[in-house]
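Trainee: Okay, sequence plus prediction incoming.
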Amino acid sequence: MAIIKAPPKQPKSVTIQARVEESVKTQLDQYAKFIDSTPSYVITEALKLLYRKDKDFQSWLGQHINNRSQEQIQGDALTRTV
C-alpha cells in the first residue's frame, strides 16, 4: 500500500464559449475569488447544482434518455439485419 495516495483523476473537460452580461462576468470573477477558486469551477458547480435541483429537467431528461436508448437499440437491430 502506497504511503502517498495518487491524486484523484480529473474528469475530462472541454472548452465552451458563452456570452454573458458584463455584470454577470464581474460577479463570476468575484465569486471565484470569494471561494478561492476559478471561474470555470464556479460555472461547473453551478450547472451541476442547477441540474440536480430542477426536478422538471430531471424528468424531461429521463424521458429523452430513454427515448434515445430505444432509438439506438432499434438502430443497432436494423444494422445487424441488413
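Mentor: That came through fine. Residues are numbered from 1 along each chain as shown.
Trainee: The protein: helices as residue ranges?
Mentor: 22-34, 39-53, 55-81 (DSSP state H).
Trainee: Which elements pack onto the first one?
Mentor: Yep, that's helix 22-34 we're talking about. helix 39-53 (3 or more Cβ pairs under 8 Å, 6 or more residues apart in numbering; DSSP states H and E). For every residue, glycine as well, the C-beta is placed using N, CA and C.
Trainee: check contacts around the residue nearest to the spatial centre of the chain.
Mentor: Compute the mean C-alpha point of the chain, and by Cα atoms, centre = their mean the closest residue is Lys48, 6.0 Å away. Lys48 makes no contacts at all, as judged by Cβ atoms under 8 Å, 6 or more residues apart in numbering.
Trainee: and it, how far is that from Ile35?
Mentor: From Lys48 across to Ile35, the span is 15 Å (Cβ to Cβ, to the nearest Å).
Trainee: same question, Gln17
Mentor: 23 Å.
Trainee: now swap in Leu28 and tell me
Mentor: On the measure of Cβ to Cβ, Leu28 and Ile35 end up 11 Å apart.
Trainee: who touches both of these two?
Mentor: By the contact definition Cβ under 8 Å, 6+ apart, Leu28 and Ile35 are jointly contacted by Val42.
Trainee: higher neighbour count, the two?
Mentor: Leu28 (17 against 10; other Cβ atoms under 10 Å).
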